[in-house]
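Participant: 3D, please:
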Amino acid sequence: MLLNWLSRRLTTYLSKQVTQHSVRTSAWEALEKTLQPGDVLLVEGNTRISVAIKYLTQSTWSHAALYLGPNAGLGAAGNGEPHVLIEADLEEGIRPLSLSAYRNTHTRICRPVGLTDNDIDKLVDYSKSRLGHQYDLKNVWDLARYLCPTPPVPSRYRRSLLALGSGDPTRAICSTFIAEGFQALRYPILPVSLSEPESDPACAAQKREYFRIRHHSLFAPRDFDASPYFNVVKPTLEQGFDYRGFRWAE
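Facilitator: Prediction:
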């Protein structure tokens with residue numbers, strides 16, 4: 001009982017905003033028109049927990065949401081705007097969300113290549129089945145230890161600190177929830193290369209490369225950006241950018 005109360009208090013504290021975003025890399029209209037079902041929307045968060053995640057991953061991105069579109073049947077907000085995203089929120093757990101929640105936020109679109117309509121349907125079904133699952137509070141306690149500006153953590157150990165969760169399948173953090181969905185499709189994010197030793201003449205598959213799927217708890221938001229299997233899509237360019245029409249301030 002006491003631990004649950006402390007966890008809720010810590011969650012509230014970590015969810016508070018500490019900075020205000022002033023830089024957006026694309027206009028709202030361009031973002032809205034460019035997103036497609038299956039896209040991963042990376043977000044530069046502005047909360048206390050975002051500070052810890054960005055430090056540990058050495059990345060701009062501290063949060064990830066999965067875009068499923070207005071036809072995914074995720075319901076609508078109170079103002080009638082359809083829910084098109086699904087994410088793991090620190091306080092509310094896995095929830096549907098309207099795109100306008102990130103209207104004034106620095107974002108990046110990472111797009112998987114070659115997904116079929118059946119693949120999208122599987123992602124939708126998987127996401128809906130996880131609705132209501134809670135954020136992994138074990139990770140919250142782990143991350144809270146690294147909120148000071150320069151915690152004494154060697155760079156080679158930072159990534160492993162994000163994988164210290166409870167292991168409970170009904171709990172998740174934002175990136176692991178999405179990674180698990182793509183792994184269910186056998187879609188690679190950052191697989192570990194397992195190459196056969198070329199010096200072994202008895203090896204029939206001497207030059208073949210195998211991939212082992214990493215456990216979903218090891219993924220961070222930046223992995224979708226770094227993955228060679230996701231396109232980085234820039235809404236401004238997708239909507240027909242022409243530098244000759246760019247208006248510079250005199």
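
Participant: Wait, a helix at residue 115?
Facilitator: No: checked against DSSP: H, G, I helix; E, B strand; the rest coil, residue 115 lies outside a helix; its state is coil.

Participant: Using CSV, write out the CA atom coordinates for the host helix or strand of residue 175.
Facilitator: Per DSSP states H and E: residue 175 is located in helix 174-184. Extracted C-alpha coordinates of helix 174-184, given in CSV (Å, rounded to 0.1, in the frame of the first residue of the first chain):
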residue,chain,number,x,y,z
CYS,A,174,6.5,3.7,-24.4
SER,A,175,9.2,2.3,-26.7
THR,A,176,9.0,-1.3,-25.5
PHE,A,177,5.2,-1.4,-26.0
ILE,A,178,5.7,-0.4,-29.7
ALA,A,179,8.8,-2.6,-30.2
GLU,A,180,6.8,-5.6,-29.0
GLY,A,181,4.1,-4.9,-31.6
PHE,A,182,6.6,-4.8,-34.5
GLN,A,183,8.4,-7.9,-33.2
ALA,A,184,5.1,-9.7,-33.4
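
Participant: which residues touch it?
Facilitator: For helix 174-184, the external contacting residues (C-beta atoms under 8 Å, 6 or more residues apart in numbering) are 40, 63-66, 87-88, 94, 112, 122-123, 126-127, 130, 133, 165, 172, 189, 213, 216-217, 219-221, 223-224. Any C-beta I mention is one placed from the backbone N, CA and C, and that applies to glycine too.

Participant: Please check those and keep the buried ones.
Facilitator: Burial by neighbour count, 16 or more other C-beta atoms under 10 Å: within the contacts of helix 174-184 this picks out 40, 63-66, 87-88, 94, 112, 123, 126-127, 130, 133, 165, 172, 189, 216-217, 219-221, 223-224.
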